[in-house]
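Enquirer: Quick one: sequence and predicted model below, then my questions.
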Amino acid sequence: MPPRPRRRVAPIPTHTMTTRAQAGKFLPNPKYADNLTATVADTTISPIPRSVRSALQDPCWLSAMQVEYRALMENATWRLVPRPPGVNVVTGKWLFRHKFKADGSLERYKARWVLRGFSQRPGVDFDETFSPVVKAATIRVVLTIAATRN
């Protein structure tokens, strides 16, 4: 019978080094502090709203919401239809973000209307999904192959 392999036991750490989390320090690492030039705490930037009601009272966020709504309408993102019996109503919500430039200054306020599609059932609440996603490199490869083969 061959000898049994020995189990390796992890050594007990004998060093005194602690991580920032172990020390209870959850602040940004000072090593990267020069990259944190975003002025979120600045008083000139409207804070991210916690509700739609507060966003509607702030002209910056109201404008961002109007831009998003206008884009959805121009692109004919959806069409309203009468509700068939036994079908879920898909609700939505607003998401708010600050968009910053590379230098850390505020570029714009971004408001997005997203649907809560987790309650949808295939074949009942929707029929098909299609998301055309293709990389530019893939198109170049296909065109190159087509050109070389005439």
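Expert: Cool, the structure landed.
Enquirer: From Lys135, how far out is Val141?
Expert: Distance from Val141 to Lys135, counting by C-beta to C-beta, to the nearest Å: 9 Å. Glycine gets a C-beta too; all of them are placed from N, C-alpha and C.
Enquirer: Repeat that for Val114.
Expert: 24 Å.
Enquirer: coming back round to it: which of Val141 and Lys135 has more neighbours?
Expert: Using other C-beta atoms under 10 Å as the criterion, Val141 and Lys135 rank with Val141 on top: 11 against 8.
Enquirer: which residues sit in contact with that one?
Expert: With contacts defined as C-beta atoms under 8 Å, 6 or more residues apart in numbering, Val141 has no neighbours.
Enquirer: which regions of this protein lie under the pLDDT threshold?
Expert: Along the chain, segments meeting pLDDT under 70 span 1-3, 5, 7-15, 20-21, 24-43, 125, 130.
Enquirer: Show the residue spans covered by the helices in it.
Expert: Assigned by DSSP state H, the helices in the chain fall at 52-57, 59-74, 136-148.
Enquirer: Need those in CSV (columns: distance to Ser46).
Expert: As requested, these are exported to CSV (distance: least, C-beta to C-beta, whole Å):
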stretch, distance to Ser46
helix 52-57, 9
helix 59-74, 5
helix 136-148, 36
